[in-house]
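Peer 1: show me the folded form of this:
(chains A, B, C and D)
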4 protein chains.
Amino acid sequence: MNAQRISKVINKTMEIGRQQISLGNVATYIPELGKARKDALGLCISLPDGTVYKAGDTNIRFTIQSISKVISLCKALELRGAETVFSHVGMEPSGEAFNSIVELDLQSNRPFNPMINSGAIAVESTIIDYVSFEEMLEYTQRLCSDSGITLNRQVYHSEMNSCDRNRAIAYLLKSKDIITTNVDNSIELYTKMCSLNVTAESLANFALLLANGGICPGSGERLLKEETVRIVLSIMLTCGMYDGSGRFAVEVGVPTKSGVGGGLMAPVYGRCGIGIYGPSLDQKGNCIAGCEMMKHLSREMCLHMFQERQSG
Amino acid sequence: MNAQRISKVINKTMEIGRQQISLGNVATYIPELGKARKDALGLCISLPDGTVYKAGDTNIRFTIQSISKVISLCKALELRGAETVFSHVGMEPSGEAFNSIVELDLQSNRPFNPMINSGAIAVESTIIDYVSFEEMLEYTQRLCSDSGITLNRQVYHSEMNSCDRNRAIAYLLKSKDIITTNVDNSIELYTKMCSLNVTAESLANFALLLANGGICPGSGERLLKEETVRIVLSIMLTCGMYDGSGRFAVEVGVPTKSGVGGGLMAPVYGRCGIGIYGPSLDQKGNCIAGCEMMKHLSREMCLHMFQERQSG
Amino acid sequence: MNAQRISKVINKTMEIGRQQISLGNVATYIPELGKARKDALGLCISLPDGTVYKAGDTNIRFTIQSISKVISLCKALELRGAETVFSHVGMEPSGEAFNSIVELDLQSNRPFNPMINSGAIAVESTIIDYVSFEEMLEYTQRLCSDSGITLNRQVYHSEMNSCDRNRAIAYLLKSKDIITTNVDNSIELYTKMCSLNVTAESLANFALLLANGGICPGSGERLLKEETVRIVLSIMLTCGMYDGSGRFAVEVGVPTKSGVGGGLMAPVYGRCGIGIYGPSLDQKGNCIAGCEMMKHLSREMCLHMFQERQSG
Amino acid sequence: MNAQRISKVINKTMEIGRQQISLGNVATYIPELGKARKDALGLCISLPDGTVYKAGDTNIRFTIQSISKVISLCKALELRGAETVFSHVGMEPSGEAFNSIVELDLQSNRPFNPMINSGAIAVESTIIDYVSFEEMLEYTQRLCSDSGITLNRQVYHSEMNSCDRNRAIAYLLKSKDIITTNVDNSIELYTKMCSLNVTAESLANFALLLANGGICPGSGERLLKEETVRIVLSIMLTCGMYDGSGRFAVEVGVPTKSGVGGGLMAPVYGRCGIGIYGPSLDQKGNCIAGCEMMKHLSREMCLHMFQERQSG
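Peer 2: Take a look at the predicted model:
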């Protein structure tokens, strides 16, 4: 696909995204998130050869929220190994919303997967005694090739004031000996990671790193093991969009993770990295423009994992 | 990968499979299935160029069981269209066992996906008034390039005598207006489709057809629409191995469907079709040898969707 | 309490009942029930000394519906013994609506109690091979001292056409070996028992029999064993009003069973039997007037099990 | 029943109780409880006329545990009124174990009833800003006519170290705005109330007070409103023995509350108060001897609410 054709696709994609904005709403469960500009929209596509396509608000900072679950999972896998990590959390899609407690208590001895809150808290607990938040921040900057990432203190404090449900989850995990670390520390690290300020471009960079098998395309440096990438992408594909993951796999066919801050990060394996920003969310908490944009991009650029790439 | 290397991989794979056999058990919930030779094992890999690698019992006939869910889904998608089909059944992995009723009743207005019993019965109900069993048999023969496929009457009658749970599911679906067709007819078609006699080679042929995007590699004839293939493969990937689908996607990374008759069918998109027969099952009802064999094949032949294909 | 005082209480109770009628609705899930006169209201209180207080529509015939669960339980206990019956059904309130399937499948090896559909079907299955419907009809006539009770064929046929959910429950019970009898026969007997035509007076008579410990006050004949009465009243108290049973025990404190036909049957142990008819139902399917009337009667006549009877 | 006959019944009851002891186990989830003498057994029956029958270890101190839920409910009803209390907690039996989270999260906007942990924590939250622990201690002493009741500090600290699940429940309640008070304070008061040292005699006294409609039989002083007693007894009857409440209501027919410290408190309305101590517990956490003893006492002394009292 040549540059001209791509630009055309991107323009059309932005147009499709803009049409969605009014159908969604900015997250308001914490006041800070409610301040986002609802009509903001940015799309960034990064290619292994260094080409970067940008459109719209690709440099607005917003909090990474649930997309940080992918980063913590990467760190945990590299630091503690898959076996240890998956003794604390499963790999199964849950068919449940992101903050489900029911299934956790009912039938499993560990959270379903690392992409739901309970699973992410369990993942956090495997690294809490091994890394500081500062190291995690630096790690995030590296994976996203973005040294401008910082902690958004307003959002962090705002979230800490409304995390009763996450605390409930953490204490439940502790009562079941799934986590043995300090609950307050786990919640603090989890919430700080959610409150990192990124851009659509940071997300595209991170997505490209994953799409490229863990090797930074620019420097050629391996930042993530192949196995880590394989695990992370597979889990993103089956669990990344919560209880809409199955439909997304059918319709888009690209591992994708969204956050209620409005971000969406999609590594197209062997092809490119996509980052989207749009704080207007659908009812499941996904960027409403981003979902339609991904569908369009998948169709036009033949990104679906089970679709032949067409020449042209 | 040259033929010699593949032969070596296949031999090793068979060896790994054989080591698993004693750890599992033949299905016994119906007497007929219990008669299978527990130590039977067959592996067939079909390539688009017509090459077929076979090892072990690739021509033993056994009942297709749940793998027929894929065939019925293909037929329903082609006959009724995705929109109609997915108004009766969802696309989400359920995190539940294959015959779960709980989630169905509790929170959803339709079965989670077409790979669990309730979903397959719902799919069957969309075609029951449009095709006869005879047409479905012929369709199966065509998709599997195997005119030797017949109805195993012993298994069929045996299953009809122990399908109270499926009847319960069907009446529950009817009470919720998810199906409006005759319950007895739906159960009959569903059970007949499960009782078709196939071989590991039939399954490899069907897998190859899907891996090849719906075009029969031999004749060049398109038997399935591209869209049908994309949907079916995506759903197999996220839901094909029941509540072990997530782990399978991580460890193997190939859409796969198993049946309690011992069959396993795995299309490697753009590469090849794999069929395995081994009636010794693990606790989830999957071919115990087949799962380990798929892991080995995936690793050795770089079949994982998120793994680079190596030369050599 | 003298006759004059009682008459006054009854008049006031009827007035309270009438005020409720417009707040509820006649059952419409089957067309036949929808034909009931919404504003019908009848109250009958029978005393051991033969005194009968009647007000309003005490002789209108309506279908007994769920109140028949009490009659079937009586028969099963007398015919098969408590041990056998309670090996097929539990005694625990479920906190669930009357037609719940979830709990049945999820965690129990038998239905929670005989007052929910699954439990009643299980109870029916213990007697199906021992009594005919004709015998059950005669039994019902005897317990209610009402030889005018007959099968309402319109309602019966209407219900048989919309009992998919009950069939689902029965097949689920059969798949778990909780019932081993023929599903069609069990559903037929269950549905016929629900379709018996009674009056508020029949129900008051039955209630009086239970309140009197199983001895018919008129003839002095023992129709039910003491143990049967004790079991039946206890279960009515904890489970008789579905997921509103706990509140009813607090506010009224009298074992009570309602039916969607509009009937309500309440034995006040050692005191009297109450029968109410009012087809306008609340959202849980209980006679909306009857619930408020029972509250008033309980308060005015000190009927609560944990309230001192006042003189006067 | 004369004194001689009662003594005989009590002796037989103690014998029946002793036979159960070896079948149960002392609670060990916190070390302090594990120190109880497994073979301890005490029975105390208090009559309104001041007669007290005692047998065995009626003066051993043990922690009241869940029986304190009844005391907190009394206080909350008297202090805040039924309407306020029941806007935070329901009155329905749950069919679930005492520490269930599932139902709480799944389908209700408040805990099922005040006898399960979540409900008791919600009740505690309604009074936490109105009374101090010291006042609650004094209140307990008054209701139990036992000024010797004190806080067992060893048990209290031991429990505070293993209350992660209760904290999970409290945070979940807070996230749903069912409680709005401080979680730590609520857990502290709840745990302190569970850690009060009582005796079988204290429990019999409290039971007698309830059986006597809230009036202290000795002084004639009204300590609890009639309405409070009616509510509390009704809820004890339907919910007091957790998911065994229904069976207990059938077999014993007396409102009863047990605690894992080994206590059992049973008010027989209008008749007497029963207190039992026996730290050997059954699998549901009820005093194993006490349950059989209550069955025997109910049968021999005709205590069942639906049983005629016999002369003699």
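
Peer 1: for the stretch 101-250 of chain A, what spans make up the strands?
Peer 2: A:197-198 (DSSP state E, counting those that start in this stretch).

Peer 1: what's around residue A:154, how many residues?
Peer 2: By the criterion of other C-beta atoms under 10 Å in any protein chain shown, residue A:154 has 15 neighbours. No exception for glycine: its C-beta is placed from N, CA and C like everyone else's.

Peer 1: what residues are up against it?
Peer 2: When contacts are counted by C-beta atoms under 8 Å, 6 or more residues apart in numbering or on different chains, residue A:154 touches residue A:32.

Peer 1: just the pLDDT for it.
Peer 2: Here, the pLDDT recorded for residue A:154 equals 95.

Peer 1: ok, residue A:284 next?
Peer 2: For residue A:284, pLDDT reads 86.

Peer 1: give me the below-cutoff pLDDT ranges for the stretch 201-312 of chain A.
Peer 2: A:310-312 (pLDDT under 70).

Peer 1: state the distance from the residue of it found nearest chain C to residue B:245.
Peer 2: Relative to chain C, the nearest point of the stretch 201-312 of chain A is residue A:243 (18.2 Å; C-beta to the nearest C-beta). Applying C-beta to C-beta, to the nearest Å, the value for residue A:243 to residue B:245 is 15 Å.

Peer 1: so between those two, which is more surrounded?
Peer 2: residue B:245 (27 against 24).

Peer 1: if we can go back for a sec, just checking, the residue of the stretch 201-312 of chain A closest to chain C touches residue A:115?
Peer 2: No - using C-beta atoms under 8 Å, residue A:243 makes no contact with residue A:115, being 11.0 Å away.

Peer 1: is chain D within reach of stretch A:122-129?
Peer 2: No - Stretch A:122-129 is not in contact with chain D by C-beta under 8 Å from any C-beta of the partner chain; minimum separation 13.1 Å.

Peer 1: may I see the buried residues of that stretch?
Peer 2: Using 16 or more other C-beta atoms under 10 Å in any protein chain shown as the test for burial, stretch A:122-129 gives A:122, A:123, A:124, A:125, A:126, A:127, A:128.

Peer 1: which of these lies closest to residue B:25?
Peer 2: Taking C-beta to C-beta as the measure, residue B:25 lies nearest residue A:122 of these, at 32.7 Å.

Peer 1: contacts only, for the closest one.
Peer 2: Contacts of residue A:122 by C-beta under 8 Å, 6+ apart are A:88, A:89, A:110, A:111, A:114, A:173, A:178, A:179.

Peer 1: return the member of those nearest to chain D.
Peer 2: Among the contacts of residue A:122, and counting by C-beta to the nearest C-beta, the member closest to chain D is residue A:173, at 8.3 Å.

Peer 1: neighbours of the closest one, how many?
Peer 2: Count around residue A:173 with other C-beta under 10 Å applied: 27.

Peer 1: tell me the contacts of the residue nearest to it when sequence neighbours are not counted?
Peer 2: Of all residues not flanking residue A:173 in the chain, residue A:179 sits nearest, at 4.5 Å (C-beta to C-beta, 6 or more residues apart in numbering or on different chains). Each residue near residue A:179 by C-beta under 8 Å, 6+ apart is listed here: A:88, A:121, A:122, A:125, A:170, A:173, A:186.

Peer 1: let's see 6 Å
Peer 2: Listed by C-beta atoms under 6 Å, 6 or more residues apart in numbering or on different chains, the contact set of residue A:179 reads A:122, A:125, A:173.

Peer 1: same question, residue A:41
Peer 2: A:17, A:56, A:57, A:278, A:289.

Peer 1: any figure for the gap between it and chain B?
Peer 2: 27 Å (C-beta to the nearest C-beta, to the nearest Å).

Peer 1: next: residue A:233.
Peer 2: Counting by C-beta to the nearest C-beta - residue A:233 and chain B are separated by 4 Å.

Peer 1: can you check residue A:242 too?
Peer 2: Counting by C-beta to the nearest C-beta, the gap from residue A:242 to chain B is 10 Å.

Peer 1: equivalent analysis for residue A:258, please.
Peer 2: 16 Å.

Peer 1: can I see the domain layout of chain A?
Peer 2: A:3-58+A:201-220+A:231-301, A:66-194 (automatic domain parsing).

Peer 1: out of these, nearest to residue B:201?
Peer 2: Of all those, domain A:3-58+A:201-220+A:231-301 comes closest under C-beta to C-beta, at 28.9 Å.

Peer 1: list the contacts of stretch A:272-283.
Peer 2: Here stretch A:272-283 has contacts from A:21, A:24, A:26-27, A:36, A:38, A:41-47, A:57, A:200, A:203-204, A:207-208, A:211, A:262-267, A:287-290, using C-beta under 6 Å, 6+ apart.

Peer 1: can I assume residue A:204 is in contact with residue A:46?
Peer 2: Yes - at 4.4 Å, residue A:204 and residue A:46 qualify as touching, with contact defined as C-beta atoms under 6 Å.

Peer 1: among those two, which residue is more densely surrounded?
Peer 2: residue A:204 (31 against 27).

Peer 1: now do the contacts for that one.
Peer 2: Residue A:204 neighbours (C-beta under 6 Å, 6+ apart): A:44, A:46, A:273, A:274, A:275.
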